[in-house]
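A.B. asks: Generate a structure from the sequence data that follows.
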Amino acid sequence: MALTKYKIGELIELVEETNSNGIYGPNDVRGITITKEIVPTKADVSSTDLRNFIVVHPQEFVYNPRTHGKKIGFGFNDSPKNFLISWNNIAFRVKPEAQDIVLPTYLFMHFNREEWDREACFNSWGSSTEVFSWDAICDMSLILPDISTQQKYVDVYLGLQKNLTTYQSKNEELKTVCEGYIDKLKENCEKVKIGELLELVDNRNSEMKYTGVQGININKTFFPTVADIDENSTQNYKIVEQNQFAFSGMQTGRDKCIRIALNEEKTPVIVSPAYTVLKLKNDSVLSHYIMLWFSRKEIDRYGWFASDGSIRSNLDIERFLDMKIPLPDISIQREIVNIHKCYIERKAIAEKLKEQLKNICPVLIRGSLNEK
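C.D. replies: So this is what the prediction gives:
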């Protein structure tokens with residue numbers, strides 16, 4: 001099989017169409033990630049003049065010329081819809097005369113590899129902010145097989161992508177069912193104070209049995225603390241057993257988030273002495289059911305409202321225990337928890353599938369170039 005070497009600039013051209021007529025609005029604005037995804041923008045563009053934003057059509061590419069050290073923010077519009085991207089990004093497409101030389105999806109597979117990121121970052125320039133310019137991407141080289149071989153490997157990629165999309169859509173349906181179920185409980189069930197369901201527990205790591213101090217992030221999960229801690233001096237740290245909670249009221253108002261995490265693993269973890277550890281008072285409630293409620297934005301907003309007026313806007317433990325949640329029969333709790341656990345498991349599988357889809361790009365590119 002013949003292979004042909006090209007400069008990327010021979011195959012692509014800039015997209016310069018802007019939203020000058022104002023057809024597209026704030027809901028059409030998208031962002032790009034260093035994992036090569038198109039995502040809804042996190043910026044508040046409700047009052048932004050969008051007329052100079054770039055219109056990105058299906059099968060067109062966009063990237064952020066400002067690098068992030070080892071990654072390039074990059075995206076490919078593989079949807080059937082147009083979207084807007086900020087004017088400080090660069091959009092491009094395959095030239096009409098090059099469409100029988102390279103397939104857009106195959107070209108994206110080429111870009112969606114860590115080795116390409118490394119080469120792009122090597123070709124970037126700057127001091128405090130490195131820039132990967134349009135000229136730099138055009139000057140890069142790539143080797144292409146014939147179109148039929150490209151199509152063969154693109155079909156494999158699109159098949160895997162379709163499976164992932166289907167899996168994700170079904171999982172979102174499961175999430176909607178769970179949230180709808182919970183919303184009904186607010187209207188039909190008596191609300192009970194957290195203090196009637198949970199009680200404080202204070203077991204210390206006095207025997208130095210456990211290591212690896214954990215913190216709580218805004219996603220309400222445990223993670224290895226970033227604090228500088230001497231692992232040989234954690235006798236006073238608190239132990240969080242299985243099905244127990246760790247709560248930190250610090251900075252609730254600042255983050256607009258109640259920092260709480262549930263240890264569902266058999267292995268205990270240890271946390272800062274400044275944290276509060278709680279356990280169930282009785283078997284009238286499931287720990288996962290309580291955690292499910294604290295995973296909702298509405299209770300974060302209430303926690304923000306209930307925070308004090310200090311600089312850190314702390315949520316005192318007394319106010320935390322005074323918060324209320326609906327408490328249905330234990331059998332109903334179990335049904336909701338089972339649905340939610342299924343959603344969490346499927347979400348984790350979807351993330352693994354997404355990672356596998358990205359990891360397969362270099363394999364497919366290499367296979368297409370080595371085919372005989």
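A.B. asks: Mind jotting down where the strands sit in the stretch 201-350 of the chain?
C.D. replies: For the stretch 201-350 of the chain, the strands defined by DSSP state E, counting those that start in this stretch occupy 213-216, 222-224, 238-240, 244-248, 259-263, 269-271, 276-280, 324-326.
A.B. asks: can you tell me which of those comes nearest to residue 99?
C.D. replies: Closest to residue 99 of the strands of the stretch 201-350 of the chain, according to Cβ to Cβ: strand 222-224, at 46.5 Å. Quick note: C-beta positions are derived from backbone N, CA and C, even for glycine.
A.B. asks: got any ranges where the chain has weak pLDDT?
C.D. replies: Residue ranges of the chain with pLDDT under 70: 1, 68-69, 127-128, 309-312, 372.
A.B. asks: related to what we said a few turns ago, of the strands of the stretch 201-350 of the chain, which approaches residue 131 most closely?
C.D. replies: strand 222-224 (32.7 Å).
A.B. asks: Which strands border the closest one, and is each parallel or antiparallel?
C.D. replies: Using DSSP bridges, the strands paired with strand 222-224 are strand 213-216 (antiparallel).
A.B. asks: for the stretch 251-372 of the chain, what spans make up the helices?
C.D. replies: Ranges of helices within the stretch 251-372 of the chain are 252-255, 287-293, 297-306, 317-322, 330-370, based on DSSP state H, counting those that start in this stretch.
A.B. asks: Redo those helices as TSV? Include mean neighbour count and distance to residue 21.
C.D. replies: Converted to TSV, those look like this (neighbours: other Cβ atoms under 10 Å; distance: least, Cβ to Cβ, whole Å):
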stretch	mean neighbour count	distance to residue 21
helix 252-255	20	40
helix 287-293	20	46
helix 297-306	16	36
helix 317-322	15	52
helix 330-370	15	36
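A.B. asks: Turn the ones you listed into JSON lines, columns for distance to residue 64.
C.D. replies: As requested, the helices of the stretch 251-372 of the chain are arranged in JSON lines below (distance: least, Cβ to Cβ, whole Å):
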{"stretch": "helix 252-255", "distance to residue 64": "27"}
{"stretch": "helix 287-293", "distance to residue 64": "36"}
{"stretch": "helix 297-306", "distance to residue 64": "29"}
{"stretch": "helix 317-322", "distance to residue 64": "41"}
{"stretch": "helix 330-370", "distance to residue 64": "18"}
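A.B. asks: of those, which approaches residue 241 most closely?
C.D. replies: Closest to residue 241 of the helices of the stretch 251-372 of the chain is helix 287-293 (Cβ to Cβ; 10.9 Å).
A.B. asks: Check which helices and strands the closest one is in contact with.
C.D. replies: When contacts are defined as 3 or more Cβ pairs under 8 Å, 6 or more residues apart in numbering; DSSP states H and E, helix 287-293 sits against strand 244-248, strand 259-263, helix 330-370.
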